[in-house]
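Trainee: My questions are about this predicted structure, shown below with the sequence.
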Amino acid sequence: MKQQRIDKVCRVIFPQREHKKICSPTECNLYPTTYKNCHIAEKTDNQLKYILSSKKDNILLKACPGSGKTEVIGLKAAYEFQLWKYKNNGIAILTFTNNAANTIRERVQQFAGIGKTTYPHFIGTIDSWLHGYLSNPFGSLITGYEGKAGDKSIKVVEDNISDGWIKNYKCKTSYYYEDKKGKLMSLPLYANNIRFDVENKSCKIKKSRGTEEYLLDKKYFVSEAFQKFILDKKWLTLKCMRNGFFEVKQKFWHDGFATYCDIECICHQLLKKHIDITQRLSQRFPLIIIDECQDLSLVQLEIFKFLIQFGTSFHFVGDLNQAIYEFKKVNPKEVEKFAEENKFERLNLSDNFRSCQPIVDLCQKIVKGEYVISQESPPYYQSCVCIQYKKDEVAILPDRFEKHLRKEGINTDKSAILARGWSMVNKLNGLDKKENNTPQFQMAKAIYLYKKYKNGNDELMDEALKYLGEFLVKKYYKGKYYNVRQYFCPKIVESPMRWRIFLLKILEELIKKDYNMNDLTKNWKEWAACVRRQLNLIVRNFDSILQCTDFSLKKIEALNFNSPRNLGEKRVIDTLSSGKKSYTKILITTIHKAKGKTFEAVLLVSNSQKGNQGGHWEEWLKDASAESARISYVASSRPKKLLVWAIPETKDLVKIKELGFHIE
């Protein structure tokens, strides 16, 4: 059976001439009895089964970590593209990041050629697909936006900005909460802080000074703080407040603005109210393949439900145990429910080509998953190791890890240190645990992290760009709205790529000795004077990169930059770092950033204290169905040879040992 499947795939994907380019011409003819060194013959029977599955069936392909999911999607797409006979409709392959989309595109091009990845097919992110085929061409039917010069495309706004132009969309009522002393406090609410559910029956708000979301109907309206507010303002009814939220959001939409969540809500309403558009979109894409399906939100599933009703088939590919975006209201149980309701055929990829068996077994224990077979041989040393640390020793954990890697002969350049959030990442990088986000500290952190990046820690460039971007926006573009996802790129700068180049050029100048800003051993008073004296000149010199005709940085003459209160005589570096420092060049990043990647070895660092973010090792092992368990599962399934957990000192190591860890 497998031999027949190999023949069938090869006949479609590789004509004889092309097949010899992929496989060894001396060992693999087009239809041999044995397929030594053939890319298709390397695939498992389950992988081949999916590649040959019907494009007319709904399929849920559950793929364990390291199962070759991306390669299989690329082969499936290449197979279908080669057979495709239609000119005006095609297959959409959707994922969640541009990097993932580019990887899949490369795989398809490898097997089907460059020309096969373009029209009528689509390979890209779900966001770009929704924007390109629904919200931009048809969104005005829902928002009422009249557009400018015939352009009715929606401007996407971040949901956490709360200054400048966004104040034109302020709600009549504020967000009320109790502080630690029980005092009733309030924060202003703006249209971008409010989120609607798919049916507009309830709202959610996002605090303008935080990331926590509240469901108004269930938490906000019944909170003790809000009840006190109601007693003081008896004239204000819940209905009145809800209507006020809808009014400001509708004005926001009508003027051509929307958040990323709004876009999905607009698309949902569009497909629900305009059946003709739903039918046309379904005809345009009769098959849609979703990569990382476990990350689908409820509103995205509801959008796809409309397309299924008009004949679109869906192939969901992913690992439900890797759903770690609960803060985006992603629930893998909803994906499972969607598959059941729409009678998806179930297929499995249960061969792990990444990690050795001890690591695979440990990961399955964390989520109580099905048995997975490793195709990799275990190393001679312990594959799963647990180390303990004292609270003030976090910053030296990277050096301990590097020492262990060198002892076992593992490549440090292909290894990583992972943590739940950026707070722990900053501690591992030597930044103070008390994160200060004032402009002065943003500037200093940008230089500190960029210098570490230049020393070999590539991941830190991204963080350095974010800190510098936020600083420049607050100092030079005050009142202008910006895109947080593009390093705080102001909307008046049309090219995010130019903004990124602009930031990089400035960072390169900042670390030059000529300007004295790279010397963070100066005290704050001296260093702030250097910034005031030099930064304006540097920024003006690179203003032309932005090609922004509406706003020129050359007109800005003075920069307000003083040392932080009570820190003038202290060295900048001492206020940034925790004292103990690591000098390792090993990649240090978050679990979310490492999702989908493979490393030789991984150090997973537990928070020192329990919290509500799933960063402590006891939270990882408390409930196998909880997101905290899935977070540790994602991190622990990244390495090939060595997995190390670093946990705070404890006497209770029973659960750690039961997982299969060797305690050091």
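Mentor: Ah, there it is.
Trainee: which residues in the stretch 501-650 of the chain form helices?
Mentor: 524-541, 572-576, 591-594, 617-622, 627-636 (DSSP state H, counting those that start in this stretch).
Trainee: That should have said the stretch 351-500 of the chain, apologies.
Mentor: Along the stretch 351-500 of the chain, the segments classed as helices by DSSP H, counting those that start in this stretch run 357-367, 397-408, 422-428, 439-454, 460-476, 496-510.
Trainee: what does the last one contact?
Mentor: Contact partners of helix 496-510, identified using Cβ atoms under 8 Å, 6 or more residues apart in numbering, comprise 446-447, 450, 464-465, 468-469, 472, 483, 486-487, 489-490, 493, 515, 517-518, 538-539, 541-542, 545-547. Placement of C-beta: from N, CA and C, glycine included.
Trainee: from the chain's centre, how far out does it sit?
Mentor: With Cα atoms, centre = their mean, to the nearest Å as the basis, helix 496-510 stands 23 Å off its chain's centre.
Trainee: okay, that helix in CSV with CA atoms only?
Mentor: C-alpha atoms of helix 496-510 as CSV (Å, rounded to 0.1, in the frame of the first residue of the first chain):
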residue,chain,number,x,y,z
PRO,A,496,7.3,49.9,8.3
MET,A,497,10.4,48.6,6.6
ARG,A,498,11.8,52.1,6.4
TRP,A,499,11.0,52.7,10.0
ARG,A,500,12.9,49.5,11.0
ILE,A,501,15.9,50.6,8.9
PHE,A,502,15.7,54.0,10.6
LEU,A,503,15.8,52.4,14.0
LEU,A,504,18.7,50.2,13.1
LYS,A,505,20.7,53.1,11.8
ILE,A,506,20.1,55.1,15.0
LEU,A,507,21.1,52.1,17.2
GLU,A,508,24.3,51.7,15.2
GLU,A,509,25.1,55.3,15.9
LEU,A,510,24.2,55.1,19.6
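Trainee: can you pull the buried residues of that helix?
Mentor: Of all the residues in helix 496-510, those buried under the rule 16 or more other Cβ atoms under 10 Å are 498-500, 502-504, 506-507, 509-510.
Trainee: Over to the fifth one?
Mentor: For helix 460-476, a neighbour-count test (16+ other Cβ under 10 Å) marks 460-461, 463-473, 475-476 as buried.
Trainee: Can you lay out the helices of the stretch 501-650 of the chain as TSV showing mean neighbour count and mean pLDDT?
Mentor: Listed next are the helices of the stretch 501-650 of the chain as TSV, based on neighbours: other Cβ atoms under 10 Å; pLDDT from 0 to 100:
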stretch	mean neighbour count	mean pLDDT
helix 524-541	18	86
helix 572-576	19	82
helix 591-594	19	89
helix 617-622	20	92
helix 627-636	25	94
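Trainee: what's the domain layout of the protein?
Mentor: 1-36, 43-134+265-349, 155-255, 355-426+582-663, 434-576 (automatic domain parsing).
Trainee: Reformat those as CSV; add distance to A149.
Mentor: Below are the domains of the chain laid out as CSV (distance: least, Cβ to Cβ, whole Å):
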stretch, distance to A149
domain 1-36, 46
domain 43-134+265-349, 19
domain 155-255, 14
domain 355-426+582-663, 40
domain 434-576, 15
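Trainee: Lowest average pLDDT across those?
Mentor: Lowest mean pLDDT of the domains of the chain: domain 1-36, a mean of 58.
Trainee: and T521, what is it in contact with?
Mentor: Listed by Cβ under 8 Å, 6+ apart, the contact set of T521 reads 571-573.
Trainee: how about a cut-off of 7 Å?
Mentor: T521 makes contact with 571, 573 under the criterion Cβ atoms under 7 Å, 6 or more residues apart in numbering.
Trainee: Closest to A558 out of the buried residues of helix 496-510?
Mentor: Proximity to A558 was ranked across those by Cβ to Cβ; first place goes to I506, at 18.0 Å.
Trainee: Check the gap between that closest one and M443 for me.
Mentor: Using Cβ to Cβ, to the nearest Å, I506 is found at 10 Å from M443.
Trainee: likewise K597?
Mentor: Counting by Cβ to Cβ - K597 and M443 are separated by 30 Å.
Trainee: ok, these two, which is more surrounded?
Mentor: M443 (24 against 13; other Cβ atoms under 10 Å).
Trainee: Correct me if wrong: the more buried one contacts F471.
Mentor: Yes. M443 sits in contact with F471 when judged by Cβ atoms under 7 Å, with a separation of 5.0 Å.
Trainee: and the longest strand for this protein?
Mentor: strand 639-648 (DSSP state E).
Trainee: Could you list the residues in contact with the helix or strand following that strand?
Mentor: Next along the chain after strand 639-648, taking DSSP states H and E as the criterion, comes helix 654-659. Residues from elsewhere that reach helix 654-659 (Cβ under 7 Å, 6+ apart): 362, 365, 386, 621, 663.
Trainee: how about those residues in CSV, adding distance to N348?
Mentor: Converted to CSV, the contacts of helix 654-659 look like this (distance: Cβ to Cβ, whole Å):
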residue, distance to N348
L362, 20
K365, 19
C386, 31
L621, 26
I663, 34
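Trainee: Relative to I73, which of those is nearest.
Mentor: Distances from I73 to the contacts of helix 654-659, taken by Cβ to Cβ, are shortest for L362, at 26.9 Å.
Trainee: list the contacts for the nearest residue to that closest one once chain neighbours are set aside?
Mentor: In space, and not counting its chain neighbours, L362 is closest to G660: 4.7 Å by Cβ to Cβ, 6 or more residues apart in numbering. Contacts of G660 were listed using Cβ under 7 Å, 6+ apart, and they are 358, 361-362, 384.
Trainee: Could you do R400 as well?
Mentor: Neighbouring residues of R400 by Cβ under 7 Å, 6+ apart: I387.
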